Structure formats: C-alpha cells, structure tokens
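[1] structure of the sequence below:
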Amino acid sequence: MPQTIEAINHTKAAGVPMIVAINKCDKPEANPQKVRERLLEHEVIVEDMGGDTQDVEVSALKRTGLDDLIEKIMLQAEVMELKANPDRAAEGTVIEAKLDRGRGPVATILVKRGTLKVGDVFVVGEHPGKVRAMVNDKGQNIKEAGPSMPVEVLGLAGVPLAGDLLSVVESEARAREVAAYRQEVATKKRTTAAPTNFENMFSAISSATIEYPVVVKADVQGSLEAIISSLNRASTDEIKVRVLHAGVGAITESDVTLAAASRAPLIGFNVRPNAKARPLAERDKVSLRYYDVIYDLLEEVKGEMAGQLAPERIETIVGRAEVKEVFPAGKKDKAAGLLVIDGFIRKGVNARLTRDDVIVSRTVIASLRRFKDDVSEIRAGLECGAMLQDTNDIKAGDMLELFEVEERARTL
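    Numbers count the residues shown, from 1 in each chain. Reported below is the predicted structural model:
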C-alpha cells in the first residue's frame, strides 16, 4: 500500500527503529508471511528472517495481538533507554487539533517531558491557554498527564497546527507575551514572502500560470493540513491551486463571502455550513463541495483544474508528397501535381507546404483528383492533383507534409 511505503520512508528518514504491526490477521485469507516477504523489497527485514525489525500480528477489529504490540514497544523503549523527567514544567507536541462546537478549541497533546496538570498556563504555537480539563484515550477526565501520555486539552485561545509545541509557562501574562511575539514573527514571515517591489509584482501579474482559487474548511487541523499539502502537490507549471483561506470548523458567512467574491469553490471536509451561511451560499450561487475522503476531493479538484487548461494537441504525420508540377485552376487558383512518397494523402487532411525545409504555409487539402476522377484518398507511389486551401504560393520541388491532429483532454 502507498501509505505503508510512505511510513517506511518517513521512518528511515527520521533514523528511528521500526516495529511492524501486521493488521487484519483475523481474516481467513490473511498471509502474514507474504507481508514479511514484501517488506524485503523496501529493505525491511523482520527478526524471524534474520533482521532486527520487530513485527507482531494483530487485528484491530478483534483487538488481538495488541498486548504483544504494547510489550514490544515497551521493550524497544527500554533498549533505547528512553527516559523523561516528570518533575518539571510540561512540554508536548500537538498531534491533532479541532474546533469543537461545545468545547471550543481542543488539541490532542502528546506529553514529552514533565507533567501537564489542570490549571497549568501554557503557550502552544501562536496561541496562549490554560488547561481547563484533560481527557485521556479512554474518554476519562484526568487531573494530570505524564511523559508519553496522549491527552485532549481544553482551554486554548485558538486552534494550533499539528506539530506545534506546547510549553508550560509561569503566568498568563508571560503566555500572552510569547504568543504575541510568535504571531508577530509569523506575520513578518508572510509579509516578506509577498512581492516587495513593482518589478516582482508585475512579473507575478504577467505570469502565464493559471490560478485555481479554493476556500477549504475541515473538521480537524490534521485533515486540513493534509488537504492543503495534497492540493499544492497537484499544482503544475501551467496551473496552480491558490488556497484563499483554510480553517477548522463549520462553514461560516465570511467563508461564503470570500468564495463568492473570488468565484472559488468552497470545500467542506467533514463539515457543513451554519444556519446563516447556507442561505447566503444559495443567494450568491457559491459552489459548496462536501467530502469525507481526501482522495475523492483531490481527484475532483484535479479534474476541474485540468478542464481549465486548453486541450493537448497531438500531431500524427500520415504522409509526405512532392510537388512535381503546378497547374492553373480557374482565374486565380493553382493546382499541384503530386507524387505521394510516403503514407497517404486524403481530402480534408491538414498539410504543411515546405520549400528547402522551411514552412511556406499551413493548409488543408481542399480537393483531390486522380486523372479526371475525384477521389478521397491516394496511397504512396501514386500521382494525383490537389487543390490547397487558402494558398497559391506553390512551386515545383516543394514538399507537402500531411498530418492529423487529435485533441485530448488534459490530465494532471
């Protein structure tokens, strides 16, 4: 699976040990040994095959093998001598974050050092906060969380990004000061990324790259980041995605107003518009798109992006002919006496007339005759007479290159 390969690559890049959990082993057709053999293709060798990578057979559905998995994780941690001091101010990393309608901003934090307690004042990313409540992985409210413990934390001033660091500080004033400084740094970074002079501005305006604007709202921060990353990867030199706004939570009136002003689709991932946004979207004819699978979202957006590009023109050379003689045809027109050297010549086919390998004109075969009969096609080795559309600049010795053009819809 692509996700498995990506996980292996991330693990190797980070230089950390790997434990392989072979899932769905409850199914009758399960073949864990085949999985182990497939892992060899990616230089992952489990212990049973002479390597140093631990593996365990599990079933998430039947909840079998999970105790063995936990035991192997603990063993690996013991071998690596992973330790943390619980008697200090807590530090942790945001695993996931979302805006909950009833509870406000909520972040899932993995505590790395120290002990996080209810009432602690902290800074996470650009947001200050104070721990109002903590919920463990079993849905239970707890008073404190030690190292390596994942908890849901309530009491944030805003929704942080996945990967942001949480640090406990001594006071709320200090938390606000640090958060304000980080917000200022982030604003400066965004400002310096913008064009700084007229030359850059005009070069950006005159760029031939087409922009596909979108507004994105998602239920959680992790999904939002994955969607934005996937959309950016879908961009090409000819067309790129421009995310006008991305946020966590329900679709609001301001989201609809922004989408309407820029004529951008409004993408909702596991979210819906609130009561005021829905009629506004109908009135302004904003395209609301709802998804619950990132792959479906990406495929539809890529299809629409490709639709904005001009179709791909594919030329196929079908024949070549040499002009042997030129005859008058009517008062102004000329006819060419041709010898078909290669392929065929057909009435209505596109042609390029060249003289000394320089293109004289692009034309179409208007009519075709062999002796006195009108014909539709002449094959290689035969002679014929032809009228060329919109051109009379024909000389003996010129070459005629015949080609067909196929237009194909673009794909990204």
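[2] break the protein into its domains for me.
    As given by automatic domain parsing, the domain ranges for the chain are 2-79, 91-185, 208-307, 313-408.
[3] need the ones you listed in TSV (columns: mean neighbour count).
    Every residue, glycine included, has its C-beta placed from N, CA and C. What follows is the domains of the chain, written out as TSV (neighbours: other Cβ atoms under 10 Å):
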stretch	mean neighbour count
domain 2-79	14
domain 91-185	18
domain 208-307	17
domain 313-408	15
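[4] pLDDT weak spots in the chain?
    Low-confidence segments of the chain, defined by pLDDT under 70, span residues 1, 190-208, 412.
[5] which helix is the longest one in it?
    In the chain, with assignment by DSSP state H, the single longest helix is helix 172-192.
[6] who does that one touch, helix- and strand-wise?
    For helix 172-192, the packing partners by 3 or more Cβ pairs under 8 Å, 6 or more residues apart in numbering; DSSP states H and E come out as strand 121-124, strand 127-135.
[7] closest to R369 out of these?
    Set against R369 and scored by Cβ to Cβ, the helices and strands packed on helix 172-192 come closest in strand 127-135, at 81.4 Å.
[8] rewinding a little: redo the domains of the chain as CSV? Include distance to N85.
    Putting the domains of the chain into CSV (distance: least, Cβ to Cβ, whole Å) gives the following:
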stretch, distance to N85
domain 2-79, 16
domain 91-185, 6
domain 208-307, 29
domain 313-408, 63
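[9] between the helices and strands packed on helix 172-192, which one is closest to A336.
    Nearest to A336, of all the helices and strands packed on helix 172-192, is strand 127-135, at 77.2 Å by Cβ to Cβ.
[10] sheet partners, orientation included, of that closest one?
    Strand pairing for strand 127-135, using DSSP bridges, gives strand 121-124 (antiparallel), strand 141-142 (antiparallel), strand 150-156 (antiparallel).
[11] what are the contacting residues of that strand?
    Contact with strand 127-135 is made by 105, 116-123, 141-145, 151-160, 172, 175-176, 178-179, as judged by Cβ atoms under 8 Å, 6 or more residues apart in numbering.
[12] what do you get for stretch 81-89?
    112-115, 146-148, 167-169.
[13] and the helices in the stretch 1-150 of the chain?
    Counting by DSSP state H, counting those that start in this stretch, residue ranges of the helices within the stretch 1-150 of the chain are 2-14, 32-39, 66-79.
[14] of all those helices, which one is nearest A380?
    Closest to A380 of the helices of the stretch 1-150 of the chain is helix 2-14 (Cβ to Cβ; 49.0 Å).
[15] what's the angle from that closest one to helix 32-39?
    For helix 2-14 against helix 32-39, the angle by axes from the mean of the first three to the mean of the last three Cα atoms, to 10 degrees is 50 degrees.
[16] one step back: format the helices of the stretch 1-150 of the chain as a markdown table; extra columns: distance to N136.
    What follows is these, written out as a markdown table (distance: least, Cβ to Cβ, whole Å):
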| stretch | distance to N136 |
| --- | --- |
| helix 2-14 | 25 |
| helix 32-39 | 32 |
| helix 66-79 | 16 |
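[17] nearest to K395, out of those helices?
    When these are compared by Cβ to Cβ, helix 2-14 sits nearest K395, at 59.5 Å.
[18] just list the residues touching G268, thanks.
    Neighbouring residues of G268 by Cβ under 8 Å, 6+ apart: 217-218, 251, 288-291.
[19] out of those residues, the closest to R370 would be?
    Looking across the contacts of G268 and measuring by Cβ to Cβ, the closest to R370 is R289, at 58.3 Å.
[20] could I get the phi/psi values of that closest one?
    Phi and psi for R289, reported as degrees, to the nearest 10, are phi -120, psi 130.
[21] surely it touches I267?
    Yes - counting by Cβ atoms under 8 Å, R289 does reach I267; the two are 4.9 Å apart.
[22] what do the two both touch?
    Here R289 and I267 have L297 as joint contacts, going by Cβ under 8 Å, 6+ apart.
[23] helix, strand, or coil at Y212?
    Recorded secondary structure, Y212: strand (DSSP: H, G, I helix; E, B strand; the rest coil).
[24] okay, and the beta partners of it?
    Judged by DSSP bridges, the bridge partners of Y212 are V241.
[25] pretty sure it contacts K240?
    Yes - with contact defined as Cβ under 8 Å, Y212 reaches K240; the gap is 7.0 Å.
[26] contact partners for the residue lying closest to G337 once chain neighbours are set aside?
    Of all residues beyond its chain neighbours, the one nearest G337 is E325 (3.9 Å), with distances taken as Cβ to Cβ, 6 or more residues apart in numbering. By Cβ under 8 Å, 6+ apart, the residues touching E325 are 336-337, 396.
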